[in-house]
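the following comprises the amino acid sequence and a computationally predicted model.
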Amino acid sequence: MTESYRDRSDRLSDLTEVSSNLVGIAQLPSTRRQIIGGAALGLTAVLRSSTARSAVQLRNVDGGQDYYSRFSNSMPSDPNYFPLGVWFESVISQANVDIDKDAGLNLYVVLTTNSDLSLVQKNGLRAILQPEWRTNQRAINNSAVTGWVLFDEIDMQQNPDQGYMTLDNVLAQLPKDLRMRYNNYGKGVMFWERDEQARRFVNDFQQVVSSDTYWFTDPDLAVASQGGKLLNASRPLTPAQTQRAANYGYTIDRMRALDTTGKPIWSFVEVGWPFTKTALEGGRSIQPAEVRAAVWHSIIAGARGIIYFNHSFGGPHLSQHCLREPAYAAVRANVKSTNELITQLAPVLNSSFADGLVTTGPSIRTMVKFYHDNYYIFAGNRENEAITPTFLLSGIEIGTATVIGEERTIPIINGRFSDSFPDSNAIHIYRIDKQ
C-alpha cells in the first residue's frame, strides 16, 4: 500500500447513520454501555427495560441453512457441518491430515502448491484454494476443492479503485466453474475505507467473506485510526480495551453491516504470535482461553465459519504450522476442545435465531437459537471484570438452564436465572428446558 493511501486512510470516513452508533462503545463503563442501532453492529444483546417481554421471532442464518449447496463441489449443507478451517497449511502426508483432523479441522483455506490434494479428498476434508492453483488440473478436477480464494487483504495493498480492477481480473482468470468464491479483507475494509468503498469490496466479488483483525496480538489496533475508529470515536484504545474477546464479535458486526446480500461472514482467529513486534513493542502470543473466547464471540455475533491463522512470525517459537507443533500444545488443546463443541452443536448453530427470547444487561452479549423445541442461549462477557448477570426469558416462567459442557444446571424461577462470568473470556452456553 502506498504511503499516500495510508495517509488518506487515517482520515475519518463518511460513516453512515447506523455506523455512527459505534462511537464511544469502548470507553463507556459497563453500566452505561447501551449499543443502539443494531443494523450497524448486528448486536443481539441490547440494553432493554428489565420488565420488557417481547415476542420471540425466528430468523434464518445468513444466507440460509442450505447456502453452500448452490455451488459446485460445495461444502456440505448438512446441518451437522460447520466450517472450521486453517489458513495456508501444507498437506504432504497422511500424518499432516491426521493431526489436523484430530484438532477438529474440516477445511483448508489456501494450501501450499506442493500439497497432495488426493489426501484432502480421501480424508473427507475440503479446500478453498488460491489463484496459483487455477491452472492445475489436479485442483480443477478434485471434488474436495470447494472454492477459490481471490486476493488476501487486497484492501491493505491497493487503493479501492486498483483493488476493484485487480479482483475483476482475478475473477476473469479463474476456472469457469460454479465453485464458491471466497475472500478475506483487512484493515482497509475494517477501518480505513469510506463505508461505500468498503461495501463494494464486501459485496461485489465473492460469496463468502471475512476480515482478519487480531485484537489480542496486534498492538497497532489500539491506535485512533484503527480499533479506536471502530470502537472509540477515533480515540486510541487502552490495551485492556483492545485485547478483549468481544472485539472479535464487533469485527463480524462491521462486516455484516457492510454486507447487503445476506451472505455468510466468517471469522479469523489467531493461534500464535502473528506479528514481528517484540513483547517490548506490544507483540505477544494469544493465550488458550482467549482463542476459545474469540471464537465464540465471533459465532455469537453471527459468524458462520471459523478460520485459524496458523502462523507465528514473532516470539520465541516461529512457525508456519502452530497447531501441529509442541510449542503450541496448550493452544492446540483449546482449539480441539472448542472445535469439538462447535461440531457437537453444529445443528444448533445452523438453526434459526430466536430473537426476543432473552433480555440481559449490556455487559453480556447473547445469541439465541431454536432447535428441536429447545432454546439455546450462547452468552459471552463483554467486560474485563467479573459479572453476574441475570437473564430474563420471554414466555418461560419455570424450567432449567443446563450449562452445556460444564455439567451443571441452573433453575429458572419467575422467568429468570443468573450466572457468574468471572472474566472477559467467560463464555456459557445454556439449553433451556421448560417445565
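On my side now, so go ahead. Numbers count the residues shown, from 1 in each chain.

list the contacts of residue 87.
By Cβ atoms under 8 Å, 6 or more residues apart in numbering, residue 87 lies in contact with 109, 110, 268, 307, 308, 309, 310, 311. Where C-beta positions appear, they are placed from N, C-alpha and C, glycine not excepted.

can you flag which of the residues you listed belong to strands?
Counting by DSSP state E, the contacts of residue 87 place 109, 110, 268, 307, 308, 309 in strands.

only whichever of those residues are buried, select them in ChimeraX.
Buried subset of the ones in strands among the contacts of residue 87, written as a ChimeraX selection, criterion 16 or more other Cβ atoms under 10 Å:
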select :109,110,268,307,308,309
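
ends of stretch 171-191, how far apart?
25 Å (Cα to Cα, to the nearest Å).

with stretch 345-356 instead?
First residue to last in stretch 345-356 (Cα to Cα) measures 21 Å.

what sits up against it?
Outside stretch 345-356, the residues that reach it (Cβ under 8 Å, 6+ apart) are 44, 54-61, 65, 79-82, 299, 342, 367-371, 375-376, 394, 404, 429.

among these, which are in helices?
Those of the contacts of stretch 345-356 mapping onto helices are 299, 342, per DSSP state H.

take the contacts of stretch 345-356 and keep only those in strands.
Checking those against DSSP E, those in strands are 57, 58, 59, 367, 368, 369, 370, 371, 375, 376, 429.

if we can go back for a sec, ok, the contacts of residue 87 vs residue 94, which is closest?
Residue 94 lies nearest to residue 310 out of the contacts of residue 87, by Cβ to Cβ, at 18.8 Å.

so who does that closest one touch?
86, 87, 88, 89, 271, 272, 320, 321, 322, 323.

cool, and residue 140?
Contacts of residue 140 by Cβ under 8 Å, 6+ apart are 134, 175, 177.

hang on, the first one packs against residue 172?
What that stands for is residue 134. No. At 10.8 Å, residue 134 does not count as touching residue 172 under the criterion of Cβ atoms under 8 Å.

between these two, which is the more surrounded one?
Per other Cβ atoms under 10 Å, whichever of residue 134 and residue 172 has more neighbours is residue 134, with 14 against 8.

for that one, which non-adjacent residue is spatially closest?
Using Cβ to Cβ, 6 or more residues apart in numbering and skipping residues adjacent in sequence, the residue nearest residue 134 is residue 174, 5.4 Å away.

what number of residues are in the vicinity of the one you found?
For residue 174, using other Cβ under 10 Å, the count is 15.

backbone dihedrals for it, please?
Per-residue torsions, residue 174: phi -70, psi 160 (degrees, to the nearest 10).
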